[in-house]
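*Asks:* Provided below for reference: sequence and predicted model.
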Amino acid sequence: MNKRSPAFATLQHGLLAAMCVLAVFPLYWMLISSFKNEAEIFTSSLVPMKPIWNNYRYAFEQMPIFRMMFNSFAVAALMTVFQLATSLLAAYALVRWRFRGQTLIFALLSLTWLIPYQSIMIPNYVLVNDMGLNETLIGVVLPFAVSTFAILSLYQSFQSFPRVLIEAACIDGQSDFGILTNLILPNIKSTVASLGIILFLNGWNEYLWPMLITRKMENSPIQIGLKLFVNSDTNMWGSLMAATTVSCIPILLIYIALQRQIVDSFVRYGVK
Amino acid sequence: MSQSMESPALPPLAGTVPRARPAVSRRALLARRLKPYLYLLPAVVLLGIWMYRPLLYTFYLAFQKWSMIPGTDPIYVGLDNFARLFRNEAFADSIGNTVFYTVGMLPFSILIPLLLASVTDGMSGRAKNVYRAIFFVPMILAPVSVGAIWRWLFHPSNGLVNLVLMKLDAIRQPIAYFSDPDWAKWIILFITGWKMIGFSTLMFSSALTGINREYYEAAAIDGAGRFRTFLRITVPLVSPMILFMLTMSILFASQSTFAYIDILTAGGPYGSSTNVYYEMYKYAFGNLNVGFSAAASLVFFVVFGVIALGLNGLSRRLSFYDN
């Protein structure tokens, strides 16, 4: 290893500390702004002298925050469940059997990486409209019920599963579906869980599509409601930051609780 | 295994019981052959409905004029949308900005993360994990929350950034970051990059962990300096990851700026911060000019497709793997 001089090490930590401040300070500023009163909000003081709850009260009066949080949870959870279900089945088929059209299926899966949502939003919007699913959660979830990212990620995990075990189960007379649910799944639980975390975060952070489908606050995920709030009340910075804080809390709590798993799962799978 | 070669009627099963029963009913045979498709059905049907049908439909709409208003039908206009698209100055500007964002993201997705990753690489496990966990925080936050926070920090009259800059006497007048055409796109680039750094750092860190320590020891014995070691050993060995991040960055830069453009500037002032994806959105849902938006989609689907193919070929030729 390189010999390291103390000066260099200090410089290193200084640089990293600066980066940490840059990464986290905006969150800190959000938090303390949400507790500042009207006189203080426009100053650069780093701690609120007289912390108040009014900003939160106002934000909760102006927006159905609990309702929107529930919407966000429902959307993210449903997307995760649907995507895991469809991709487990698909990835299993791709690993287990060799069949005609397999190459075509891989090509179709890989090609979706090149399709930005903007080039399919119009037909999908028209279809969801025609189905009468506007302003509904299911209308938000449906186009995201399958994820090629999830299929290809699981395909990779499945491939490393020892084939001998599958063969043995086959000889024991296990059904094909039984092999998936009783043999493979219990053994790759943690892999599926970490994929699930990424899918949940993706669902929670989805922006363009929920914005097109839900225009009323009570139907929309918190992200969209927050955007409507930002655009309506441009000078209520205290309560805007209160609302933003509330919108970040669930994700931050999840991150604090599952920090290691989240970081690991991003390393393992990358992003969509 | 060899059994499957002898029965071409069956899908060759990778890892199944050698089938000793010669007489299987036709129905059972068919069921066996259909099985893989059955498992794939939900995914393929959903992809068909929500990905490929709309993609083809968008290509069709590129040659039509339509306002999406229920009860009206698309009218065929030939190449008219494309002709008008290429004459449209706002669209030309948005292409320029798209290039700006794509190139501008590279320091945030490759250069800075690679440096941060190699700086943290030599540290003890604990310090390394703490730094990485903190760098990663912006990545998990939702774009709207991030947009709201930075909007407040960059607020023209009362934002912290201006307050501090004024106090330091760096500026005389507060800067209107979001309504000044010289600033808007830089701020959006900065915010998108700020969110990206943590993720890229993490990816490079994991790539670095895989490097054999002996290379560094050998380099140290040969008297190679820190910078030289980085350039000659680290960079070539993480080159597959560099190319991977390059592809991701180019493909997704324009998509990840979308939310911030929408929240912070709506593409303005005077279209100075918009990009092609935001223009597509505006044509379709702002001006209700669906054909125009679809034509732009088609053009950029092809452009990004060509770029992705090129990068794919490049990564096959250039990547250096340590065996």
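*Replies:* Received the coordinates, thanks.

*Asks:* Now do the residue nearest the centre of chain B against chain A, distance only.
*Replies:* Taking C-alpha atoms, centre = their mean, the centroid of chain B lies closest to B:Phe252, which sits 1.9 Å from it. Distance from B:Phe252 to chain A, counting by C-beta to the nearest C-beta, to the nearest Å: 8 Å. In this view, the C-beta of every residue, glycine as well, is placed from N, C-alpha and C.

*Asks:* Where does pLDDT dip in the stretch 201-323 of chain B?
*Replies:* The stretch 201-323 of chain B contains residues with pLDDT under 70 at B:319-323.

*Asks:* Get me the contact residues on it for chain A.
*Replies:* Neighbours of chain A within the stretch 201-323 of chain B, by C-beta under 8 Å from any C-beta of the partner chain: B:202-203, B:205-206, B:213, B:216-217, B:220, B:226, B:229, B:244, B:248, B:251-252, B:254-255, B:258-259, B:262-263, B:277, B:280-281, B:284-285, B:290, B:293-294, B:297-298, B:300-301, B:304-305, B:308.

*Asks:* give me phi/psi at the residue nearest to the centre of chain B?
*Replies:* Backbone dihedrals for B:Phe252, given as degrees, to the nearest 10, come out at phi -110, psi -10.

*Asks:* go on, B:Gln64?
*Replies:* The phi/psi pair for B:Gln64 (degrees, to the nearest 10) reads phi -120, psi 170.

*Asks:* B:Gly78 is in contact with that one, correct?
*Replies:* No. With contact defined as C-beta atoms under 8 Å, B:Gln64 does not count as touching B:Gly78 (9.5 Å).

*Asks:* Compare the two (neighbour count), which wins?
*Replies:* It is B:Gln64, of B:Gln64 and B:Gly78, that has more neighbours when counted by other C-beta atoms under 10 Å in any protein chain shown, with 18 against 9.

*Asks:* which residues does the more buried one contact?
*Replies:* Going by C-beta atoms under 8 Å, 6 or more residues apart in numbering or on different chains, B:Gln64 touches B:Pro74, B:Ile75, B:Tyr76, B:Val77, B:Val290, B:Gly291, B:Ala294.

*Asks:* count of residues packed around residue 29?
*Replies:* In the absence of a named chain, chain A is used. Counted with other C-beta under 10 Å, A:Trp29 comes out at 19.

*Asks:* right idea, wrong chain: chain B
*Replies:* Neighbours of B:Leu29 (other C-beta under 10 Å): 13.

*Asks:* what's the helix or strand for it?
*Replies:* Element membership for B:Leu29, per DSSP states H and E: helix B:26-47.

*Asks:* Next: A:Asn55.
*Replies:* helix A:54-62.

*Asks:* same for that helix, what does it pack against?
*Replies:* Applying 3 or more C-beta pairs under 8 Å, 6 or more residues apart in numbering or on different chains; DSSP states H and E, one finds that helix A:54-62 makes contact with helix A:237-269.

*Asks:* Check which residues of the helix it packs on are buried.
*Replies:* By 16 or more other C-beta atoms under 10 Å in any protein chain shown, the buried positions in helix A:237-269 come out as A:237-248, A:251, A:254-255, A:259, A:262-267, A:269.

*Asks:* Which residue, other than its chain neighbours, is closest to the residue sitting nearest the centre point of chain A?
*Replies:* The residue lying closest to the centre of chain A (C-alpha atoms, centre = their mean) is A:Leu201, at 1.4 Å. Spatial nearest neighbour of A:Leu201, chain neighbours left out: B:Ile140 (5.9 Å); criterion: C-beta to C-beta, 6 or more residues apart in numbering or on different chains.

*Asks:* Can you give me the neighbour number for that neighbour?
*Replies:* 23.

*Asks:* pretty sure it is touching A:Phe200, no?
*Replies:* No. Using C-beta under 8 Å, B:Ile140 is not in contact with A:Phe200; the gap is 10.6 Å.

*Asks:* elements contacting the helix or strand hosting B:Leu202?
*Replies:* Taking DSSP H and E as the criterion, B:Leu202 maps to helix B:184-209. Judged by 3+ C-beta pairs under 8 Å, 6+ apart, the packing partners of helix B:184-209 are helix A:6-33, helix A:237-269, helix B:89-106, helix B:112-121, helix B:125-140, helix B:143-153, helix B:239-260.

*Asks:* what about 7 Å?
*Replies:* helix A:237-269, helix B:89-106, helix B:112-121, helix B:125-140, helix B:143-153, helix B:239-260 (3 or more C-beta pairs under 7 Å, 6 or more residues apart in numbering or on different chains; DSSP states H and E).

*Asks:* The third one and chain A in contact?
*Replies:* It stands for helix B:112-121. Yes. Judged by C-beta under 7 Å from any C-beta of the partner chain, helix B:112-121 and chain A are in contact via B:Leu116, B:Val119, B:Thr120.

*Asks:* Let me know the distance separating A:Lys227 from A:Pro51.
*Replies:* Per C-beta to C-beta, to the nearest Å, A:Lys227 is found 27 Å from A:Pro51.

*Asks:* Could you do B:Phe154 as well?
*Replies:* 24 Å.

*Asks:* out of the two, which sits in the more crowded spot?
*Replies:* More crowded of B:Phe154 and A:Pro51, by other C-beta under 10 Å: B:Phe154, with 20 against 13.

*Asks:* The closest residue in space to the more buried one that isn't next to it in sequence in helix, strand or coil?
*Replies:* Among residues not flanking B:Phe154 along the chain, B:Tyr177 sits closest, at 4.4 Å (C-beta to C-beta, 6+ apart). Here B:Tyr177 is coil, with the state taken from DSSP: H, G, I helix; E, B strand; the rest coil.

*Asks:* What distance do you get for B:Tyr177 to chain A?
*Replies:* 14 Å.

*Asks:* Show me what stretch B:69-85 is in contact with.
*Replies:* Outside stretch B:69-85, the residues within contact range by C-beta atoms under 7 Å, 6 or more residues apart in numbering or on different chains are B:Leu61, B:Ala62, B:Phe63, B:Gln64, B:Lys65, B:Trp66, B:Phe91, B:Gly291, B:Phe292, B:Ala295, B:Ala296.

*Asks:* Please read the previous query as pertaining to stretch B:275-289.
*Replies:* Under C-beta under 7 Å, 6+ apart, the answer for stretch B:275-289 is A:116, A:118, A:122, A:212, B:67-68, B:91, B:94-95, B:97-98, B:101, B:254-255, B:257-258, B:261-262, B:267, B:290, B:292-293, B:296-297, B:300.

*Asks:* Can you give me the neighbour number for B:Pro138?
*Replies:* 22.

*Asks:* Can you give me the pLDDT of the nearest residue to it once chain neighbours are set aside?
*Replies:* Leaving aside its sequence neighbours, B:Pro138 sits nearest to B:Lys195 (C-beta to C-beta, 6+ apart; 4.7 Å). Confidence at B:Lys195, expressed as pLDDT, is 92.

*Asks:* go on, A:Gly14?
*Replies:* For A:Gly14, pLDDT reads 88.

*Asks:* Would you mind measuring from it to B:Thr229?
*Replies:* A:Gly14 sits 21 Å away from B:Thr229, taking C-beta to C-beta as the criterion.

*Asks:* wait, what's in contact with A:Leu154?
*Replies:* Neighbour list for A:Leu154: A:Ser87, A:Leu88, A:Ala91, A:Leu195 [criterion: C-beta under 7 Å, 6+ apart].

*Asks:* just checking, the first one touches A:Ser147?
*Replies:* If I follow you right, that is A:Ser87. Yes. Using C-beta atoms under 7 Å, A:Ser87 is in contact with A:Ser147, at 6.3 Å.
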